[in-house]
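Colleague: Task: produce atomic coordinates for the following.
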Amino acid sequence: MTADERAIRELVDTWMAASTAGDTAKVLSLMTDDVVFMVPGMEPFGKAEFAAASASQAGMRIDGTARIVELQVLGDWAFIRNYIDISVTPPGATQAVRRAGYTLTLLHRDAGGRWLLARDANFVDVKK
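Modeller: You can find the predicted model right below:
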């Protein structure tokens, strides 16, 4: 495994740990400023919209895993295909909503050598 592959895997692990901890600031620090997210049923959105959505979900418990299925580094760009399986429990709820599916993510290495999430197509759906 190369240093770039290791750094990208660490980014995914950090993202998941920060999401579980409710650390939105940490998650935001793992994105480029011009990040674009694409999810079913919504127009593409960026970092500000991600932050606002995260703030509206305060108090939700999130737990899950992300398994990298494919990782390719292409210079200062890389892509990963992840399988994500998460459970989200709203405040006061006793039952979690479970979502699972694939994402296709483009990452970009910044001038300081850090890998950041730049584009994300998320196909995670309610798991029955």
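
Colleague: and residue 59, that's in a helix?
Modeller: No: read with DSSP: H, G, I helix; E, B strand; the rest coil, residue 59 is coil and lies in no helix.

Colleague: for the protein, what spans make up the helices?
Modeller: Along the chain, the segments classed as helices by DSSP state H run 3-21, 24-29, 47-56.

Colleague: Just put those helices in CSV and tack on distance to residue 105.
Modeller: To be clear about C-beta, it is placed using only N, CA and C from the backbone, and glycine gets the same treatment. Shown next, in CSV, are the helices of the chain (distance: least, Cβ to Cβ, whole Å):
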stretch, distance to residue 105
helix 3-21, 9
helix 24-29, 13
helix 47-56, 14
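
Colleague: Of those helices, which is nearest residue 79?
Modeller: helix 3-21 (9.6 Å; Cβ to Cβ).

Colleague: still on that earlier bit, closest to residue 122 out of the helices of the chain?
Modeller: The nearest among the helices of the chain, by Cβ to Cβ, is helix 47-56 at 11.2 Å.

Colleague: Show me what counts as buried in that closest one.
Modeller: 47, 50, 54 (16 or more other Cβ atoms under 10 Å).

Colleague: what would those look like in a markdown table with pLDDT?
Modeller: Below are these laid out as a markdown table (pLDDT from 0 to 100):
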| residue | pLDDT |
| --- | --- |
| 47 | 98 |
| 50 | 95 |
| 54 | 88 |
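
Colleague: Stretch 87-106 spans what distance, first to last residue?
Modeller: 24 Å (Cα to Cα, to the nearest Å).

Colleague: ok so, going back, quick one, which of the helices of the chain is nearest to residue 103?
Modeller: Closest to residue 103 of the helices of the chain, according to Cβ to Cβ: helix 3-21, at 10.0 Å.

Colleague: Show me which positions of that closest one end up buried.
Modeller: 4, 5, 7, 8, 9, 11, 12, 15, 16, 18, 19.

Colleague: Show me what the closest residue to the fourth one other than its chain neighbours bridges to in the sheet.
Modeller: I take that to be residue 8. Counting by Cβ to Cβ, 6 or more residues apart in numbering, residue 8 lies nearest to residue 115, which is 5.2 Å off, once chain neighbours are set aside. Residue 115 forms beta bridges with residue 109, as assigned by DSSP bridges.
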